[in-house]
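K.L.:
Here you go, sequence then predicted model.
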Amino acid sequence: MATQIKAEQGPEIQQLQEWLNQWGNPPMPSMPSGTSDMPGMVSDEEVTVLKNAEGVDASRFLLTQMTAHHEGAIATAQTEVEDGADRRR
């Protein structure tokens, strides 16, 4: 699953950065872990736990964190749908 997520999100990130470039914005730099207050972002401590986990525990922890991460992305996207605006207009 981790390989699939990586394969799918790489092109998504590229598309988002292309849009930023087309709109005259610099591409977003990669965000280090633990530096965002966005819902679903993992902390430095959680990254360490995942790095040190093995086997089923590693899989369970990854799936739990990725679920929270995707739920956070949905919440952020919903906020944009409700409150966002295209400032180019």
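P.N.:
Now that the structure is in, tell me what you want to look at.

K.L.:
element containing Thr76?
P.N.:
Counting by DSSP states H and E, the element that carries Thr76 is helix 55-83.

K.L.:
neighbours around the residue nearest to Leu20 when sequence neighbours are not counted, how many?
P.N.:
Excluding the flanking residues, the one nearest Leu20 by CB to CB, 6 or more residues apart in numbering is Pro27, at 5.6 Å. All C-beta atoms are positioned from the backbone trio N, CA, C, and that covers glycine. Neighbour count of Pro27, defined by other CB atoms under 10 Å: 13.

K.L.:
From the rest of the structure, what touches the helix or strand of the chain with the lowest mean pLDDT?
P.N.:
None of the helices or strands of the chain scores lower by mean pLDDT, DSSP states H and E than helix 2-22, at a mean of 86. Residues outside helix 2-22 that contact it (CB atoms under 8 Å, 6 or more residues apart in numbering) are 26-28, 62, 66.
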